[in-house]
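Participant: Predicted coordinates and the sequence they were generated for:
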Amino acid sequence: MPDIKILSLNNMPQRCKEMKHFMANHFPDKVGVLNFNKCSTMNSRLEFYFDELMEVSQRVIGELYIHNFEVSQAHLVSLLSANKHKQIFGLLDCKLDLSSVPDFGGRLAGSRIRCLDLSSSGGFSCCNWNYNVKDFENLIVGLSQEEDFLKNLQIIKMSECGMEKDVVEEILDDHGFLHVEIHGHSK
């Protein structure tokens with residue numbers, strides 16, 4: 001299959017063997033931007049697609065956006081670690097399990113992620129960070145323990161995450177992300 005600039009795999013069913021087959025056997029060798037599960041409702045079955053997503057994500061050279069999935073902390077750590085070479089990594093409209101600080105255990109060494117897009121993942125229908133600020137802080141604490149991620153992150157996108165910009169700034173500043181710009185805050 002030829003190289004593709006932008007590929008959007010939209011409206012993924014909870015379980016689709018045909019999509020897994022496509023990902024395992026027919027995914028392009030090189031994709032500039034991948035939107036995975038865009039334009040869909042919340043899908044609780046990331047583990048169904050997880051192995052194939054981990055494999056094909058390595059063929060994405062620029063930006064990876066995962067949309068509308070419930071993401072366990074273990075999957076979050078694995079996905080971010082495996083895709084640390086991307087310029088932009090996004091978890092949009094996702095329910096993220098951040099009830100504790102994620103332990104990346106040095107797996108983000110060499111990270112080149114400049115932009116972390118969390119748009120709508122903190123919103124009312126997902127993580128509700130307006131009322132669960134500690135969950136967002138847990139993510140930032142875990143990421144701050146990774147020197148290369150801390151050094152290279154330049155932008156965090158927080159559109160529709162329900163948090164006041166000054167709260168986001170305070171959490172980022174308290175954990176060493178003083179240089180990071182906040183884009184798209186919703187309040």
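Facilitator: Ah, there it is. Residues are numbered from 1 along each chain as shown.
Participant: Just the strands from the chain, written as ranges.
Facilitator: Using DSSP state E, the strands assigned to the chain run over residues 4-10, 31-38, 60-67, 70-71, 88-92, 95-96, 115-117, 155-157, 181-183.
Participant: Determine which residue lies closest to the centroid of this protein.
Facilitator: residue 91 (3.1 Å; CA atoms, centre = their mean).
Participant: List the contacts of the closest residue to residue 20 other than its chain neighbours.
Facilitator: Nearest non-adjacent residue to residue 20, counting by CB to CB, 6 or more residues apart in numbering: residue 52, 5.3 Å away. Any C-beta I mention is one placed from the backbone N, CA and C, and that applies to glycine too. Counting by CB atoms under 8 Å, 6 or more residues apart in numbering, residue 52 makes contact with 20, 23-24.
Participant: show me where this structure has helices.
Facilitator: 17-25, 46-57, 73-82, 133-144, 147-152, 165-174 (DSSP state H).
Participant: List the buried residues of the fifth one.
Facilitator: Under the neighbour-count criterion of 16 or more other CB atoms under 10 Å, helix 147-152 has 149-150, 152 buried.
Participant: is it true that residue 161 touches residue 117?
Facilitator: No: contact between residue 161 and residue 117 fails when scored by CB atoms under 8 Å: they sit 10.6 Å apart.
Participant: Not counting its neighbours along the chain, what's nearest residue 11?
Facilitator: The spatially closest residue to residue 11, leaving aside those adjacent along the chain, is residue 40, at 4.4 Å (CB to CB, 6+ apart).
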